[in-house]
Structure formats: C-alpha cells, structure tokens
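Asks: Give me coordinates for this.
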Amino acid sequence: MKDPAYRSAPVRRGLALIIGPILALGSAACGDPPGVAAGGRPRPQAAGALGAQEQAERRKVLSSATDAFRLVADGALGRDFPALDVEIVRLHVVTAAALSALTPEQGADLVHCVNLIEVARDRQARPDMALAGAAGYRLLVVAAPPAAIPAEVGLLDYSGLRFAADVAADPPRWTDALLAADEAGEFWDQVAPRVRDVGLRGRFGAAVIDLKRAARARNFRKAEAVMRSRSGLLDELAADLSPEGGGADLSARPLPDDGL
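Replies: So this is what the prediction gives:
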C-alpha cells in the first residue's frame, strides 16, 4: 500500500483518542461483574484456577500483544517510520485487549510503555522507542501463563533487544548495555542446566560472555559482531527446550541479527 492516511501522526493520535478510553476503563462501561478490580479491569485468575480453554484464550491474547511489542522493539532501529506507525496503531489495539489478562498494575505499566513509544516516535528517537518496546515485551513475557517454552527464552530475547537499543544510541549507553548483558547472564544461568544440546549450551554461554566483554570494553564494532554472529541461537534454544525437542514455533516473533 502507498502511504495510507492512517499512517500520519494526526490520524494515529485520533485512533489513540478512540482506543484510549478502552485502555483506561477496561470493562467499566459494561458494569463491574464479580472478579473485576477497581477501575474496571478484570482480575486475572491464578493459572491453576483457570480452565484449559480460559488459559488458552489468555495466552492467545497476551501472545498477540507480546508479538506486537517485540516487533516495535526490533523494528524501531531500522524500519521506516510509516511502517512503524502501523505497528503503533496495532499496539493500541492489542494493549486494550491484553488488559483483561493483566493485573491493574501491569496494565498501567503496559499503557505507560505505549505512551513512551508514542513520545519517542514523535521525537524520532529510535533507541528510546526500541527500549520502550522491549520493556513492554518483557512485562508481557513475565505476565504470560506458564508455557511449554520457559519464560527465560523470551527474557534472553529481551536482553538482546535492550542491548541493541543501547548500542544504537548516540552516544552508546554502555552502562545500561552492560546491565542488559549481565541480566542476560542471570537468565542464562537459570535455563542453562535444562539445555539438552551440549554444543548449543556451549555456544550460547560463549555468546553471553562475549556480550559482557563487548559492553565492558565499550567496543562498538565488537558489540555489533557479537550480535550478528549469534543470530538464530534463540530459535535453537527454544527448540531444544520444547517438551518434544522438535522445534518451537517462533515464526510470529522473527529474531533479528541482534539476537544473542
């Protein structure tokens, strides 16, 4: 399509005005049924209290939002702004839908991430936009019901997105990049004992060490080289950690060359 009207900033803001009340009120307009928290947002039930169908629906809703935030976090560093505007419109829609599966505090934090993305977009501050997208992505990874693939896979992905955004800043934000690399090390320590492929375990562990070294050395070229050379490792990790070991479907979350 050729630069449709809804890609423009005024129309984006108009859509935000339409969707904004949904984000703020949740289900309050329909009355507060039992189990609804103050402010009109349904209280997420504990995973054990949900039936299989309800868990599947909650996972589906949160998965759509997770994918949307990840696409923004990844695309903010390279995609053209009209394409990113389309993703931002989608963010408003999936965030509104995700509120029913989040606590009020999580919902408020997620809406704040959307607002930060909008502000960064208007300033054309790509690293800030990527960081806000990564923060929303992490929140949703943590909030999601237990799944076949451990949450640490998504959290390692988050660390890579955060690291890439920090390195892309001008000047690079090395202090936060090192925090992201150290956090990746913590996530890796949690999941490494469960990795069945010894070769993959060694390669991924080496990638995390290289990430830390690049940040400590404040070496831009080394950081870029590490990110390029480790692409695809998260897909391999997800495949290894799936119950069947036969591969996980991460096609909805394409991993960029900045993967660990």
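Asks: buried residues in the helix or strand hosting L71?
Replies: In this assignment (DSSP states H and E), L71 forms part of helix 52-75. Judged by neighbour count (16 or more other CB atoms under 10 Å), helix 52-75 contains these buried residues: 55, 58-59, 61-75. C-betas here are computed from N, CA, C, even on glycine.
Asks: which stretches of the protein have low pLDDT?
Replies: For the chain, residues meeting the criterion pLDDT under 70 lie at 1-51, 229-231, 244-260.
Asks: Nearest residue to the residue minimising distance to the centre of the chain in space, ignoring adjacent ones along the chain?
Replies: The chain has Y137 as the residue nearest its centroid, 2.0 Å off, counting by CA atoms, centre = their mean. With CB to CB, 6 or more residues apart in numbering as the criterion, Y137 has its nearest non-adjacent residue at 4.2 Å, and that residue is F69.
Asks: Make sure the one you found is actually in contact with L91.
Replies: Yes - in this structure F69 lies within contact range of L91 using CB atoms under 8 Å: 6.9 Å.
Asks: Please enumerate the helices of the protein.
Replies: Ranges of helices in the chain, per DSSP state H, are 9-25, 52-75, 81-98, 104-123, 126-143, 151-168, 174-191, 198-217, 220-229, 233-241.
Asks: Packing partners of the longest one?
Replies: Packed against helix 52-75 by the contact rule (3 or more CB pairs under 8 Å, 6 or more residues apart in numbering; DSSP states H and E) you find helix 81-98, helix 104-123, helix 126-143, helix 151-168.
Asks: May I see the buried residues of the longest one?
Replies: Spelled out, that is helix 104-123. 104, 106-108, 110-111, 113-114, 116-118, 120-121.
Asks: packing partners for it?
Replies: Short answer (3+ CB pairs under 8 Å, 6+ apart): helix 104-123 packs on helix 9-25, helix 52-75, helix 81-98, helix 126-143.
Asks: of all these, which lies closest to R162?
Replies: Closest of the helices and strands packed on helix 104-123 to R162 is helix 126-143, at 4.9 Å (criterion: CB to CB).
Asks: on that earlier part again, out of the buried residues of helix 104-123, the closest to I209 would be?
Replies: Using CB to CB, C113 comes nearest to I209 of the buried residues of helix 104-123, at 30.1 Å.
Asks: Distance of the spatially closest residue to that closest one that is not a sequence neighbour relative to T95?
Replies: Nearest residue to C113, sequence neighbours excluded (CB to CB, 6+ apart): G136, at 3.6 Å. Distance of G136 to T95, computed by CB to CB, to the nearest Å: 8 Å.
Asks: between the two, who's got more neighbours?
Replies: G136 (29 against 24; other CB atoms under 10 Å).
Asks: G136 contacts L62, correct?
Replies: No - between G136 and L62 there is no contact under CB under 8 Å: 11.5 Å.
Asks: coming back round to it: the inter-axis angle of the helix holding L71 versus helix 151-168?
Replies: 20 degrees (axes from the mean of the first three to the mean of the last three CA atoms, to 10 degrees).
Asks: Just the CA atoms of helix 52-75, as CSV, please.
Replies: Presented in CSV, the C-alpha positions along helix 52-75 are these (Å, rounded to 0.1, in the frame of the first residue of the first chain):
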residue,chain,number,x,y,z
ALA,A,52,-7.8,-25.2,29.8
GLN,A,53,-9.9,-23.1,27.4
GLU,A,54,-9.6,-19.9,29.5
GLN,A,55,-5.8,-20.4,29.8
ALA,A,56,-5.6,-20.9,26.1
GLU,A,57,-7.6,-17.7,25.5
ARG,A,58,-5.5,-15.7,27.9
ARG,A,59,-2.3,-17.0,26.4
LYS,A,60,-3.5,-16.1,22.9
VAL,A,61,-4.4,-12.5,23.9
LEU,A,62,-1.1,-11.9,25.7
SER,A,63,0.8,-13.6,22.8
SER,A,64,-0.6,-11.1,20.3
ALA,A,65,0.5,-8.2,22.5
THR,A,66,3.9,-9.8,23.1
ASP,A,67,4.5,-10.1,19.4
ALA,A,68,3.4,-6.5,18.7
PHE,A,69,5.8,-5.1,21.3
ARG,A,70,8.7,-7.2,20.1
LEU,A,71,8.1,-6.1,16.5
VAL,A,72,8.3,-2.4,17.6
ALA,A,73,11.4,-3.1,19.8
ASP,A,74,13.2,-4.7,16.9
GLY,A,75,11.8,-2.5,14.1
